[in-house]
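1. Give me coordinates for this.
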Amino acid sequence: MRIHSDEPAAVNVDGEARYVNDSVFELKEKAVCYVIPEGSAYLADRESGKLQVREELS
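-> Reported below is the predicted structural model:
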C-alpha cells in the first residue's frame, strides 16, 4: 500500500516519528496484533453482523 501526502506527515514506527511525503507498507497476514480500546463499538458491531470479519485461516 502506498500513501502520499502533499505535506510531510508523521509516520511512527517502533516509537520513532519520521516526517515523510510518501510511505509504502506491506501487509502481512497475522503479523500485527491490535489492541481494541475499552468502550469501542467494534466488538458489539462484529457480533451483531454490522461488521463483516474474515475468519482466521488455520
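2. from here on, contacts and neighbour counts on C-alpha atoms
-> OK.
3. Dihedrals phi and psi, the most centrally placed residue in the chain?
-> Nearest to the geometric centre of the chain sits Y34, at 8.0 Å (CA atoms, centre = their mean). Dihedral pair for Y34: phi -110, psi 150, per degrees, to the nearest 10.
4. Against V24, how distant is it?
-> 20 Å (CA to CA, to the nearest Å).
5. hang on, the earlier thing: gap between the residue nearest to the centre of the chain and Y42?
-> 12 Å.
6. Please name every helix or strand in contact with the top strand by length along the chain.
-> With secondary structure taken from DSSP state E, the chain has its longest strand at strand 2-13. On a contact count with 3 or more CA pairs under 8 Å, 6 or more residues apart in numbering; DSSP states H and E, strand 2-13 meets strand 16-24.
7. Parallel or antiparallel, list what pairs with the strand it packs on.
-> strand 2-13 (antiparallel) (DSSP bridges).
8. pull the CA atoms of the strand it pairs with into PDB?
-> Output in PDB follows, covering the C-alpha atoms of strand 2-13 (Å, rounded to 0.1, in the frame of the first residue of the first chain):
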ATOM      1  CA  ARG A   2       1.400   3.400  -0.900                       C
ATOM      2  CA  ILE A   3       0.300   6.600   0.900                       C
ATOM      3  CA  HIS A   4       1.200  10.000  -0.400                       C
ATOM      4  CA  SER A   5       0.800  13.400   1.400                       C
ATOM      5  CA  ASP A   6       1.500  16.800  -0.200                       C
ATOM      6  CA  GLU A   7       2.700  18.000   3.200                       C
ATOM      7  CA  PRO A   8       5.200  15.900   5.300                       C
ATOM      8  CA  ALA A   9       3.200  13.600   7.600                       C
ATOM      9  CA  ALA A  10       4.400  11.800  10.700                       C
ATOM     10  CA  VAL A  11       4.900   8.100  10.400                       C
ATOM     11  CA  ASN A  12       5.600   6.300  13.700                       C
ATOM     12  CA  VAL A  13       7.500   3.000  13.500                       C
END
